[in-house]
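Q: sequence and computational prediction follow.
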Amino acid sequence: MDLLIFQVPILMVQASLDGILLGILFALIAYGMALQWGVMNIINIAQGDLVILGGYITYFMYLSGIHPALGVIVAPAIMYFVGVGLYKLVINKVVDRDLFISILATFGISILFMQLMNFVFGADVVLANSEFGTTMLFNNSVTLPNSKLFSALISIIFAIGLVVYMKKSKLGRAIRATAQNARAAKILGVDTEKVYAATFGINAALCGVAGSLVAITFTIHPYMGLPYTIRSFMIVIIAGLGNLPGVAISGMGLGMFEEFADYILGTEFRIGSVFLLLVLILVYRRFKLSKKREYLK
Amino acid sequence: MNKNIILYSAILIFGVLAPFMLPAFKVQLSILCILIVLALTWNIQGGEMGYNSFGNILFYGLGMYICASAQVGMFFPLAEWTESGGEKTFVHSPTQFFQGMAFGLLLAAIIPTIVAGMIGYAILGLRGHYFAICTLGLGVAAGEISGGIEIIGAGQGFTTPPFPNVGSLESRGQFFYFLSFIVLVLTFITVKSVYSTRFRLVLNAIRDNEDKAEAMGIQTMKYKIIGWMISAFFCGLAGGIMGGLVGYIDSTDVAFDGREMGVFMVLMAILGGKGTLWGPVIGATLFHLFKEGFWTYFLGWQYVALGVLIVVIVIYFPEGLMGWLREKYPERFGEVVDEADRKAQVELK
């Protein structure tokens, strides 16, 4: 326990600011998860590993001398095809099966990705330095790396872009129709198989964007995937499927929770507190619903 | 019935003689026993009750830490022990070691059972994938949090007391083998006798339709919690033995190893066929052979192979070996088969 944050209130500003900027990034990943969960009824445990893979793409661009900020364009383009390939290989076989099958299958994919990345990229913690510099606020007592602002900005741009795309484009309409009723959509001539592949690809592309932002603002490591999956799952169950403002707000809330937990409990309990929060939220909702003799569906 | 007695006694005799016949594989056989215990207990939730838990690893890890802490803490200050790390400033005498182990295993079985009873009411109210994800979070959280607690070694790990100098060189392996074999036999007897009562029918009713089971007047929550407590009891014991066997406890790599043990137990039960008594036993044996093969011949690539194995098993063999056999030879499983119906099905194919 460390109560420094209460003695020096300016740290609260720091933690909140960091948390909100971090939360916007989480919300982007959660948006991808909500999309595939809503459309394909799949919970993808490998979500976080897709994020880390996107991060490595950016990292290698950085190593070969290209500015990592360009990663937000390149990584999603590559990750889209990774996602579609993954769908064709594995996911299409679990789409209409029991949810647990999809959880376990994607868990296997997650382990596979983790280990392959560990082999190919090495087990070091790496980051892609964007050299954006830092802004000092409040008389130099709050530091704000510009890369975090950049990441929040890019996340918002991509999220809004996707919302508009889903509303206006033909594929977006097909995706929404499939989400509402896959059978009816099929009857009306929507190629649901293609829609599923595209959805998974779009999700992977979103993960790619988020991953390159993670590589720029924080660090990446082959084994860091699972916490991102759990965070996005948590954001989705707090906000509910298809509630976009909710996703953004609960993402920011989670980011702030994490930063405060980091200050108060210490960095070694940061990830642990995220997982514990997930358990607590689920248990809270379970008790709330059980009063009405219902359960989480 | 007669055939069963022959089968069981053959297995028992093999189990007792195994460390003498195959002295080089004692550790492997002990690990196999532990794996079977974990698969059997997972099957109570995942197979019979339909609650796919990733969180039984919580009890395994708890048992491991509790057993080792009790074994050390009974005789020496625990904080100094973990502080000194691998260097042995304190040495257990043989009596101290065995007393500590016995007491430690007792606690390692009881405390996880109590924990399961306490969190059971909250966690088991969740259903389906929410339960799966919640228990996954629980296991990982336990690993992360125990990795931050100083007194049990935090990030640097916890060295369990080394085996004292008694008997020959073989005695350490034999001791741990027989310990795990006894736990395996106990687990099997418990699970088998539990399955032969109404309890199994209740669990199956919960799996098939929980709302209807409740409407029939079954107190589902009570049975779910009891089932989880049985699992926790044996998972804790298994963890305690495994801690002594490995000799070193690390929070995320040995104790709360959701990436390995936590998935293994699910996989073993599914591979053998969940919802059957023998499925987990067969699945665990096959899986252990697979795993050792991978670990020996594809060293470095073993996790990649493991990931592929998970995907293949889950997608192509979700019913497992026993499920496949059951479809092929339904008469053997006591199902009444209508010959005409069967012929019609074959013709349809």
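A: That came through fine.
Q: stretch A:185-203 vs chain B: in contact?
A: No. Against chain B, stretch A:185-203 shows no contacts by C-beta under 8 Å from any C-beta of the partner chain, the least distance being 15.3 Å. Any C-beta I mention is one placed from the backbone N, CA and C, and that applies to glycine too.
Q: and the stretch 1-150 of chain A, which residues reach chain B?
A: So far as C-beta under 8 Å from any C-beta goes, the stretch 1-150 of chain A lies against chain B at A:43, A:90, A:93-94, A:97, A:99-101, A:103-105, A:107-116, A:119.
Q: from the residues you listed, list the buried ones, please.
A: Using 16 or more other C-beta atoms under 10 Å in any protein chain shown as the burial test, those include A:43, A:90, A:93-94, A:99-101, A:103-105, A:107-116 as buried.
Q: which of those residues fall in helices?
A: A:99-101, A:103-105, A:107-116 (DSSP state H).
Q: quick one: contacts for the residue positioned nearest the centre of chain B?
A: Chain B has residue B:38 as the residue nearest its centroid, 1.0 Å off, counting by C-alpha atoms, centre = their mean. The contact partners of residue B:38, taken as C-beta atoms under 8 Å, 6 or more residues apart in numbering or on different chains, are B:56, B:60, B:235, B:238, B:261, B:264-265, B:268, B:284.
Q: one more time with 6 Å
A: If you count contacts by C-beta atoms under 6 Å, 6 or more residues apart in numbering or on different chains, residue B:38 has them with B:238, B:265.
Q: that one: what secondary structure?
A: helix (DSSP: H, G, I helix; E, B strand; the rest coil).
Q: likewise residue A:136?
A: strand.
Q: element containing the closest residue in space to it that isn't next to it in sequence, please.
A: Ranked by C-beta to C-beta, 6 or more residues apart in numbering or on different chains and with sequence neighbours excluded, the top spatial neighbour of residue A:136 is residue A:143, at 6.0 Å. Take DSSP states H and E as the rule and residue A:143 turns out to sit in strand A:142-145.
Q: picking up where we left off before, distance of the residue nearest to the centre of chain B from chain A?
A: Per C-beta to the nearest C-beta, to the nearest Å, residue B:38 is found 16 Å from chain A.
Q: likewise residue B:5?
A: Distance from residue B:5 to chain A, by C-beta to the nearest C-beta: 37 Å.
Q: with residue B:35 instead?
A: 18 Å.
Q: still on that earlier bit, return the member of the ones in helices among the buried ones among the residues of the stretch 1-150 of chain A next to chain B nearest to residue B:197.
A: Taking C-beta to C-beta as the measure, residue B:197 sits nearest to residue A:100 out of those, at 26.8 Å.
Q: residues contacting that closest one?
A: Counted by C-beta under 6 Å, 6+ apart, residue A:100 has contacts B:52, B:132.
Q: where does the stretch 1-150 of chain A dip in pLDDT?
A: The stretch 1-150 of chain A contains residues with pLDDT under 70 at A:1-5, A:139.
Q: just checking, what packs against the strand holding residue A:143?
A: In this structure, strand A:142-145 makes packing contacts with strand A:134-137, judged by 3 or more C-beta pairs under 6 Å, 6 or more residues apart in numbering or on different chains; DSSP states H and E.
Q: what lies in contact with the strand it packs on?
A: A:143-146.
Q: make a PyMOL selection of whichever of the residues you listed turn out to be buried.
A: Buried members of these, identified by 16+ other C-beta under 10 Å, are gathered into one PyMOL selection as follows:
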select buried, chain A and resi 144+145
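Q: where is the longest helix in chain B?
A: Per DSSP H, chain B has its longest helix at helix B:94-123.
Q: measure how the following helix or strand past it sits relative to helix B:94-123, angle-wise.
A: Going down the chain from helix B:94-123, the next helix or strand is helix B:128-146, by DSSP H and E. Angle of helix B:128-146 versus helix B:94-123, following axes from the mean of the first three to the mean of the last three C-alpha atoms, to 10 degrees, is 140 degrees.
Q: any chance you could list what contacts helix B:128-146?
A: In contact with helix B:128-146 (C-beta under 6 Å, 6+ apart) are residues A:43, A:99-100, A:103, A:233, A:271-272, A:275-276, A:278-279, A:282, A:296, B:51-55, B:57-58, B:126, B:251-252, B:256, B:258, B:262.
Q: got the CA positions of that helix in CSV?
A: Taking Å, rounded to 0.1, in the frame of the first residue of the first chain, the C-alpha atoms of helix B:128-146 are listed here in CSV:
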residue,chain,number,x,y,z
GLY,B,128,-21.7,-20.6,-19.7
HIS,B,129,-18.9,-18.5,-21.1
TYR,B,130,-19.2,-15.9,-18.3
PHE,B,131,-18.2,-18.7,-15.8
ALA,B,132,-15.3,-19.7,-18.1
ILE,B,133,-13.9,-16.2,-18.4
CYS,B,134,-14.5,-15.4,-14.8
THR,B,135,-12.6,-18.5,-13.6
LEU,B,136,-9.9,-17.7,-16.1
GLY,B,137,-9.6,-14.3,-14.6
LEU,B,138,-9.6,-15.8,-11.1
GLY,B,139,-6.6,-18.1,-11.9
VAL,B,140,-4.5,-15.4,-13.5
ALA,B,141,-5.3,-12.9,-10.8
ALA,B,142,-4.2,-15.4,-8.1
GLY,B,143,-0.9,-16.0,-10.0
GLU,B,144,-0.3,-12.2,-10.4
ILE,B,145,-1.1,-11.4,-6.8
SER,B,146,0.9,-14.3,-5.3
